[in-house]
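In: What follows is a predicted protein model with its sequence.
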Amino acid sequence: MKNLLNIQIFIVLSILTACMGPQGFITEQTPPPIYPDYSGVTIPVNIAPLNFMVSGASRLRVNLSIDELSIDLKGPGRIRIPLRKWRTLLNRAVTLEEEITVTVLAKIQGQWHQYMPFLWHVTRDTLDPFLSYRLIEPGYEVWKSIQLAERHVETFGERIIADNQLTGNNCMNCHTYGNQDPGLSFFHLRGQDGGTVLNRNGELRKIDLFTPGMLSGVVYGNFHPSGRYAVYSTNQVLPGFHTQKGERLEVYDSGSDLVVVDLDLNEIIPFPEGFPNEFRTFPVFSASGDAVYYCNATRMTVPDSIYNLRYDLLKIPFDPTAGTWGNKVDTVVRASAMGLSVCHPKTSPDGRYLLFSMARYGTFPIWHQETDLWLLDLHTGETNKLEEANSSYSDTYHSWSSNSRWFVFASKRDDGLYGKPYFCYVDPRGKAHKPFVLPQRDPQRYLNTLKSYNIPELSRGKLPFDATDIERLYFKVPAEKVSIKQSVDHE
């Protein structure tokens with residue numbers, strides 16, 4: 001196979017250099033400096049073309065080859081791969097179970113440079129075809145324009161599903177799916193006429209998920225596999241500013257707790273009494289729906305002790321038939337003993353893994369450069385830091401694909417400021433592969449945008465609403481009220 005690859009590379013280079021004319025070229029001993037960095041990545045068979053550019057290049061000549069199939073491309077510093085040819089290439093790769101060889105020649109300051117080829121590995125494990133995210137300025141001082149968008153990852157189609165310019169310029173939180181199902185999702189729409197927007201079985205509802213006695217309206221949440229329940233945190237959130245160089249904003253809780261919402265009965269099921277008065281946040285149901293994982297920290301005075309505020313990962317039973325919490329809590333990951341703080345747990349749909357982020361302290365990791373992704377194998381109990389997926393900047397806000405072979409996460413690895421959606425493949429052995437950023441029609445788009453892609457979430461289909469539906473819901477439909485469930489006895 002290695003000899004065959006060398007022969008293919010030689011043939012490709014011969015063709016490319018023959019087309020260049022009489023001038024010579026500089027042979028580089030490194031892969032090409034392409035942007036985005038797609039070199040050596042594993043990609044699904046249904047992803048959009050991995051268009052890229054070479055900074056400073058006036059001309060590019062690129063060859064994509066596998067077996068006897070070869071595609072030659074030219075461009076003025078950037079390459080756009082035709083969709084039909086791209087799909088043929090990907091299908092050939094999974095059929096033959098071979099990599100795609102990518103060869104790049106770049107003309108920089110009048111001189112051609114020949115770079116070492118690199119490979120794309122294509123897997124038949126597909127990615128869910130739709131992705132939603134919030135587009136928002138990454139600054140913490142002020143925001144003005146917020147949009148929720150839906151992107152078709154197999155092409156470059158994107159549409160706006162909610163726009164705060166149509167809803168009184170209010171804040172809106174990120175969009176969350178249940179079971180990667182386009183017919184089950186929610187997001188919080190703030191403002192006088194706001195509420196939690198629930199998309200359930202093709203019907204849009206607006207619910208005021210707050211009752212007297214709760215710390216706040218609901219914040220971070222997750223659906224039960226049945227779709228009947230959702231679990232949320234309630235948080236009294238305070239911002240703080242660091243005086244240390246390199247640190248920006250710190251957001252911490254002065255109080256936080258959990259509630260389950262019965263979406264059939266519009267009832268709040270509070271966290272049971274009898275447990276210590278601690279900080280509880282970032283809840284998520286187990287894949288089977290019989291337990292809730294959440295992050296828990298000993299209550300302390302902040303911000304004075306913010307550097308000692310560390311959350312562990314806990315688990316409490318939940319009975320979906322009775323709609324009751326359990327009476328015993330187990331520690332799943334004692335992050336505090338490692339000098340770390342856990343946040344954003346997400347269970348894989350097959351029940352095998354639990355993916356989460358860890359930082360040195362606190363509960364708002366997106367401004368922590370050291371934030372990394374970790375994977376817990378729920379079958380073996382083994383916990384691994386995903387070295388292949390992590391970078392030197394914040395990696396967090398992740399969600400799974402429905403086949404549990406892919407996850408998407410937000411990373412600031414490009415510049416330390418703007419979050420972008422990256423996809424990472426987890427093979428059947430549990431090994432994470434080098435991530436790649438969501439492809440764009442114009443590879444320069446990420447360099448030109450002033451928005452972060454916040455909390456990316458994958459879906460198996462297209463959402464049944466758009467921004468005009470949300471505008472009507474905001475102004476025309478009163479928010480439904482909820483009540484506290486009378487019997488809150490736990491198991």
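Out: Alright, I've got the coordinates.
In: need the contact list for A297.
Out: By Cβ atoms under 8 Å, 6 or more residues apart in numbering, the contact set of A297 is 278-279, 309-312, 336, 341, 363. (C-beta placed from N, C-alpha, C; glycine too.)
In: now, the most widely separated pair of the residues you listed?
Out: Spanning the widest gap among those are E278 and S341, at 13.7 Å by Cβ to Cβ.
In: In terms of packing, which of the two has more residues around it?
Out: S341 (24 against 16; other Cβ atoms under 10 Å).
In: Now do the contacts for the more buried one.
Out: Contacts of S341 (Cβ under 8 Å, 6+ apart): 297, 309-311, 335, 358-363, 365.
In: Select only the buried ones of the residues you listed in ChimeraX?
Out: In ChimeraX, this line selects whichever of those come out buried by 16 or more other Cβ atoms under 10 Å:
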select :297,309,310,311,335,358,359,361,362,363,365
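In: Redo the contacts of S341 as TSV? Include pLDDT and distance to V45.
Out: Below are the contacts of S341 laid out as TSV (pLDDT from 0 to 100; distance: Cβ to Cβ, whole Å):
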residue	pLDDT	distance to V45
A297	92	42
L309	86	44
R310	92	41
Y311	93	38
A335	95	36
M358	92	32
A359	88	35
R360	86	39
Y361	77	41
G362	74	39
T363	75	38
P365	67	33
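In: Kindly indicate which of the contacts of S341 lies nearest E203.
Out: Using Cβ to Cβ, the contacts of S341 come closest to E203 at T363, 33.6 Å.
In: Now do the same contact list for the closest one.
Out: With Cβ under 8 Å, 6+ apart, T363 has these contacts: 251-253, 279, 281-282, 295, 297, 309, 311, 341, 343.
In: Quick check: it is in a helix.
Out: No - looking at T363 with DSSP: H, G, I helix; E, B strand; the rest coil, it is coil, so not inside a helix.
In: I'd like the distance between it and L355.
Out: The gap separating T363 from L355 is 17 Å, by Cβ to Cβ, to the nearest Å.
In: about what we covered before: rebuild the contacts of T363 as a markdown table, extending it with distance to S459.
Out: Formatted as a markdown table, the contacts of T363 follow (distance: Cβ to Cβ, whole Å):
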| residue | distance to S459 |
| --- | --- |
| V251 | 28 |
| Y252 | 31 |
| D253 | 30 |
| F279 | 31 |
| T281 | 25 |
| F282 | 21 |
| C295 | 25 |
| A297 | 32 |
| L309 | 34 |
| Y311 | 28 |
| S341 | 30 |
| C343 | 23 |
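In: Inside helices: which ones of those residues?
Out: Using DSSP state H, no member of those falls in helices.
In: Now, those residues that are in strands?
Out: 251-253, 279, 281-282, 295, 297, 341, 343 (DSSP state E).
In: right, and out of those, which lies closest to G183?
Out: Nearest to G183 among the ones in strands among the contacts of T363, with distances taken as Cβ to Cβ, is F282, at 24.6 Å.
In: Roughly how far does the closest residue to that closest one other than its chain neighbours sit from I136?
Out: Spatially, and ignoring its direct neighbours in sequence, F282 is nearest to C295 (4.5 Å; Cβ to Cβ, 6 or more residues apart in numbering). C295 sits at a distance of 23 Å from I136 (criterion: Cβ to Cβ).
In: any weak-confidence spans in this protein?
Out: For the chain, the stretches flagged by pLDDT under 70 are 1-23, 139-143, 237-252, 301-304, 365-369, 392, 487-491.
In: what's the domain layout of it?
Out: As assigned by automatic domain parsing, the chain contains the domains 2-123, 130-476.
In: Deepest in the core, which of the ones you listed is it.
Out: The highest mean neighbour count among the domains of the chain belongs to domain 130-476 (a mean of 19), with neighbours defined as mean count of other Cβ atoms under 10 Å.
In: Tell me where the stretch 101-250 of the chain has helices.
Out: In the stretch 101-250 of the chain, no helices are defined using DSSP state H, counting those that start in this stretch.
In: what helix or strand does A389 sit in?
Out: A389 belongs to no helix or strand when elements are defined using DSSP states H and E.
In: for it, what are its contacts?
Out: 373, 395, 409, 422, 424, 432, 434-435.
In: Dump those to CSV, plus secondary structure and distance to Y474.
Out: Listed next are the contacts of A389 as CSV, based on DSSP: H, G, I helix; E, B strand; the rest coil; distance: Cβ to Cβ, whole Å:
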residue, secondary structure, distance to Y474
L373, strand, 35
D395, strand, 33
F409, strand, 30
Y422, strand, 32
C424, strand, 35
A432, strand, 40
K434, coil, 41
P435, coil, 36
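In: Among those residues, which one sits closest to F465?
Out: Nearest to F465 among the contacts of A389, with distances taken as Cβ to Cβ, is F409, at 25.4 Å.
In: Can you name the residues that contact the closest one?
Out: Applying Cβ under 8 Å, 6+ apart, the residues near F409 are 373, 389, 395-399, 421-422, 424, 435, 456.
In: re earlier: nearest to Q486, of the domains of the chain?
Out: Using Cβ to Cβ, the domains of the chain put domain 130-476 closest to Q486, at 8.6 Å.
In: give me the beta-bridge partners of the spatially most central residue of the chain?
Out: Closest residue to the average C-alpha location of the chain: F409 at 2.8 Å, with Cα atoms, centre = their mean. Beta-bridge pairing of F409 under DSSP bridges involves Y422.
In: picking up where we left off before, export the contacts of A297 as a markdown table, with columns for distance to Y220.
Out: As requested, those are exported to a markdown table (distance: Cβ to Cβ, whole Å):
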| residue | distance to Y220 |
| --- | --- |
| E278 | 16 |
| F279 | 13 |
| L309 | 17 |
| R310 | 18 |
| Y311 | 13 |
| D312 | 17 |
| S336 | 20 |
| S341 | 15 |
| T363 | 10 |
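In: Let me know the closest of those to S286.
Out: Distances from S286 to those, taken by Cβ to Cβ, are shortest for D312, at 17.0 Å.
In: Please name the bridge partners of that closest one.
Out: N296.
In: Contact partners for V219?
Out: V219 neighbours (Cβ under 8 Å, 6+ apart): 173, 188, 232-235, 237, 281.
In: Can you flag which of those belong to strands?
Out: 188, 232-235, 237, 281.
In: Just the closest of these to E154, please.
Out: Nearest to E154, judged by Cβ to Cβ, of the ones in strands among the contacts of V219 is H188 at 29.1 Å.
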